[in-house]
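Enquirer: fold the stuff below for me.
(chains A and B)
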Protein chains: 2
Amino acid sequence: MKKIEPAILKGTRDFLPPEMAKRNYVMARMRRIFERFGYAPIETPILTPAETILGKYGEEGDRLTYHFKDAGDRDIALPYDLTVPFARYVAANYGDLPMPFKRYQIQRVWRAEKPQKGRLREFYQCDIDVVGTKSLLVEAEMARIMQEVFLALGLKEFKIKFNSRKLMNEALESFGYEKDSVAIIRVIDKMDKIGEKGVITELKEIGVREAAKLVKYLSSSDAVEHGDLGDFVKHAKAMGVEEQYLQFDPTLARGLDYYTGIIFEVVSQDSELGTICAGGRYDNLTGMFEVNAPKSADPELSGMGVAFGFERIMLLLEEKGLLKNMRPAPEVLVTIFDETMVGDSLEIYKALAAAGVNTEIYFEPVKLDKQLKYADKKGIAYVVVCGPKERDNYELVLKDMQTGKQETLSLEDLVARLK
Amino acid sequence: MKKIEPAILKGTRDFLPPEMAKRNYVMARMRRIFERFGYAPIETPILTPAETILGKYGEEGDRLTYHFKDAGDRDIALPYDLTVPFARYVAANYGDLPMPFKRYQIQRVWRAEKPQKGRLREFYQCDIDVVGTKSLLVEAEMARIMQEVFLALGLKEFKIKFNSRKLMNEALESFGYEKDSVAIIRVIDKMDKIGEKGVITELKEIGVREAAKLVKYLSSSDAVEHGDLGDFVKHAKAMGVEEQYLQFDPTLARGLDYYTGIIFEVVSQDSELGTICAGGRYDNLTGMFEVNAPKSADPELSGMGVAFGFERIMLLLEEKGLLKNMRPAPEVLVTIFDETMVGDSLEIYKALAAAGVNTEIYFEPVKLDKQLKYADKKGIAYVVVCGPKERDNYELVLKDMQTGKQETLSLEDLVARLK
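Expert: Residues are numbered from 1 along each chain as shown, chains lettered A, B, ... in the order given. Okay, the predicted model is just below:
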């Protein structure tokens, strides 16, 4: 039979154990924090009726949605992000959810994009959302969670930038630009990339005559004292967000149309990786979905969502050297000296396992050197060797794989040491 | 705009928080045990070139593989199980893996099946495999892991049935049936369902003249003393597998063609759910994939794999009532008495959160009753209430949501109590 290449699709990945250990570590940290704050995990399907995804992200989004006709002639799409699936989930399960509903979700999403460096076809997203309340305590809690997550991962140089789309819209209104607000906000959103001058030029190009004046007005930082911004800052501090991590950015805009209140963007300040987390307040999560709730219930569907850029956070943590020594290895490898010593090694193994030590036994009595190499490759901390000489003395040798130091001790002492 | 149904595809599922809490609990238990024994997690892609999946499971398997042509005219399939993706993974990454390689994998798989009760289109599988050694210590370790997993989940009435395909093949050979062995084994595999009489009848139908004699020969249990079975039992006991969970079943066959040694099947004895875990020894994992290793390396690709029937295990644990009180709730909800008390409630919240207590604050000063209902729906254990009276006395009320008992205490005492 002709053998075939063990190929994978471009833009998808095999995860080897060392990489998995790092990803699982980061995910576990995030999950733990979300759960501490009362966010519950949910999951939504991967195979999705296309009509529940297409048409929700605009033309560009539709183009980038991975969709196809399946063998049963159904139009299927794979999730483009976790927001629309969450909206559909809330609409479908409204009556069964405690309201306000706080959830987190870590799942793969897909993009029908030509894969290239930093652009994958299949990758993870990690979202938290609260739906069912207009309270600004939500914004404050989310700032606290962002702070908690990035500190827990060892990052220090980050800022939680915030602004208010509400305020921005009011400003545009006062200038008489409410009709062009979406286009104007898209330009202002480029402030980081093209600078104030660039923004003014582009604004003029789309017909904003008072461009310079508008930018100056928007850039003033007085606003932080007022309206939703003022309340947010007060609540955030009361909830334990430290001032050093908060940064009011009056020109922060976030491209997406559906934000209506406070918006966030977390940036790492000592890296080129840019935004690692972003989100904002929206008025009506479920949008074009019919909500499974009695009309009389008049469900409140305002909410707030934040997406952690999981893949980018992984890159950042690698860059900063914060993911070292994270191999998914057991504590100790029991070697097998030779054929005659299998039973003795199993006895050591059983005693260690019974004491709850993460223990592995090498499966074959091959050369000791090969067994040590295996331990080294897997990042196992200790190796136990027991030959006929040690057995006759009721002893064994414990080798520390980091230092190379060896010592001879009894099985009881070994168990006591590693327990 | 016309609103659309928040529908999902038949055979896929939305997971609500209580269900997620149970599934995550079971998965975490399993992961923990696999890692304790040195099995490392890996992940393989979901979007897969169809040629790496189709043609590996026979005609029936191909028919049930979910595959399609995508917008880029690529033939794509979604994983049918975790064995073939693992085989491809080992072939692709051989040089980077410690050998023998021990991995576990918990991922979704798909079936192009008409969904019906108990048959899903999208569901989870959970596999462990060791590849790269013929050592029977692997079989013994896997028996230990199965025992560990089911005991950890609270099950008691299970048997790890085992047999040897090698021995079975030898028996068939001694009867002169080696050419028809696949067909014969498929019939013998039905012993549990159609009984000895049914098996003899069906064997006769496919031309086995000495059917009764063959069945009698295969049913004898002497074999357990010999060959790979004898060594397996000896090693399993030495590794801590208890005799009460092991059961030699000389007619156990497992339908799949590729098993060549010890085979397993775990059954729950006090349930109709049947097999909850199964697997066996195979000779050549990577089969039709080119292995990325120098020819001189002559890689050993014998191995052993066991699949835990995750969805069926969940059903069994539900049936046995072993998944009660598993809601992903924080410990305590801080209520907000009224608009004037927001700051006081935040102070309580901040003190609890700083002490590491899993704490949630209700976002709005609505009626207390509504806030208590929320805590109840989420399964939160304690609720803190602080009104103007309590504040003036530097006190608060702690309510135990299970017993309904209330007590008045200071913030310091509250923190000390819940910490």
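Enquirer: how about the residues of the stretch 101-250 of chain A near chain B?
Expert: Counting by C-beta under 8 Å from any C-beta of the partner chain, the stretch 101-250 of chain A comes close to chain B at A:102-103, A:108, A:110, A:112, A:121-122, A:130, A:133, A:135, A:137-138, A:141, A:144, A:235, A:238-240. Every residue, glycine included, has its C-beta placed from N, CA and C.
Enquirer: just the buried residues of these.
Expert: A:102-103, A:108, A:110, A:112, A:121-122, A:130, A:133, A:135, A:137-138, A:141, A:144, A:235, A:238-240 (16 or more other C-beta atoms under 10 Å in any protein chain shown).
Enquirer: tell me where chain A has helices.
Expert: Remark: helices assigned in chain A by DSSP state H are A:17-36, A:58-64, A:83-93, A:137-152, A:165-174, A:181-188, A:191-205, A:211-219, A:227-238, A:310-319, A:342-354, A:368-378, A:388-392, A:411-418.
Enquirer: want to throw these into JSON lines with distance to B:E157 and mean pLDDT?
Expert: Formatted as JSON lines, the helices of chain A follow (distance: least, C-beta to C-beta, whole Å; pLDDT from 0 to 100):
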{"stretch": "helix A:17-36", "distance to B:E157": "33", "mean pLDDT": "94"}
{"stretch": "helix A:58-64", "distance to B:E157": "52", "mean pLDDT": "87"}
{"stretch": "helix A:83-93", "distance to B:E157": "35", "mean pLDDT": "95"}
{"stretch": "helix A:137-152", "distance to B:E157": "42", "mean pLDDT": "97"}
{"stretch": "helix A:165-174", "distance to B:E157": "59", "mean pLDDT": "88"}
{"stretch": "helix A:181-188", "distance to B:E157": "63", "mean pLDDT": "85"}
{"stretch": "helix A:191-205", "distance to B:E157": "63", "mean pLDDT": "90"}
{"stretch": "helix A:211-219", "distance to B:E157": "69", "mean pLDDT": "87"}
{"stretch": "helix A:227-238", "distance to B:E157": "54", "mean pLDDT": "93"}
{"stretch": "helix A:310-319", "distance to B:E157": "42", "mean pLDDT": "96"}
{"stretch": "helix A:342-354", "distance to B:E157": "23", "mean pLDDT": "93"}
{"stretch": "helix A:368-378", "distance to B:E157": "36", "mean pLDDT": "94"}
{"stretch": "helix A:388-392", "distance to B:E157": "39", "mean pLDDT": "94"}
{"stretch": "helix A:411-418", "distance to B:E157": "32", "mean pLDDT": "94"}
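Enquirer: got the ones you listed as JSON lines, with distance to B:I336 columns?
Expert: Output for the helices of chain A, formatted as JSON lines (distance: least, C-beta to C-beta, whole Å):
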{"stretch": "helix A:17-36", "distance to B:I336": "20"}
{"stretch": "helix A:58-64", "distance to B:I336": "38"}
{"stretch": "helix A:83-93", "distance to B:I336": "24"}
{"stretch": "helix A:137-152", "distance to B:I336": "8"}
{"stretch": "helix A:165-174", "distance to B:I336": "23"}
{"stretch": "helix A:181-188", "distance to B:I336": "34"}
{"stretch": "helix A:191-205", "distance to B:I336": "37"}
{"stretch": "helix A:211-219", "distance to B:I336": "34"}
{"stretch": "helix A:227-238", "distance to B:I336": "12"}
{"stretch": "helix A:310-319", "distance to B:I336": "33"}
{"stretch": "helix A:342-354", "distance to B:I336": "50"}
{"stretch": "helix A:368-378", "distance to B:I336": "52"}
{"stretch": "helix A:388-392", "distance to B:I336": "66"}
{"stretch": "helix A:411-418", "distance to B:I336": "50"}
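Enquirer: to A:P49, which of these lies closest?
Expert: helix A:83-93 (9.4 Å; C-beta to C-beta).
Enquirer: and the contacts of the closest one?
Expert: Helix A:83-93 has contacts (C-beta atoms under 8 Å, 6 or more residues apart in numbering or on different chains) with A:42, A:44-45, A:48, A:52-53, A:56-57, A:79, A:97, A:101, A:103, A:105, A:127, A:129, A:131, A:285-287, A:289-292, A:301, A:305, A:307, B:6-8, B:14, B:16.
Enquirer: burial measure for the closest residue to A:L409 other than its chain neighbours, as a count.
Expert: Using C-beta to C-beta, 6 or more residues apart in numbering or on different chains and skipping the chain neighbours, the partner closest in space to A:L409 is A:L398 (6.2 Å). Neighbour count for A:L398, taken as other C-beta atoms under 10 Å in any protein chain shown: 18.
Enquirer: so how far is chain B from A:L398?
Expert: Relative to chain B, A:L398 is positioned 18 Å away (C-beta to the nearest C-beta, to the nearest Å).
Enquirer: hang on, that residue packs against A:V415?
Expert: No. At 11.0 Å, A:L398 does not count as touching A:V415 under the criterion of C-beta atoms under 8 Å.
Enquirer: ok, now which ones touch A:Y39?
Expert: With C-beta under 8 Å, 6+ apart, A:Y39 has these contacts: A:K102, A:R103, A:Y104, A:I128.
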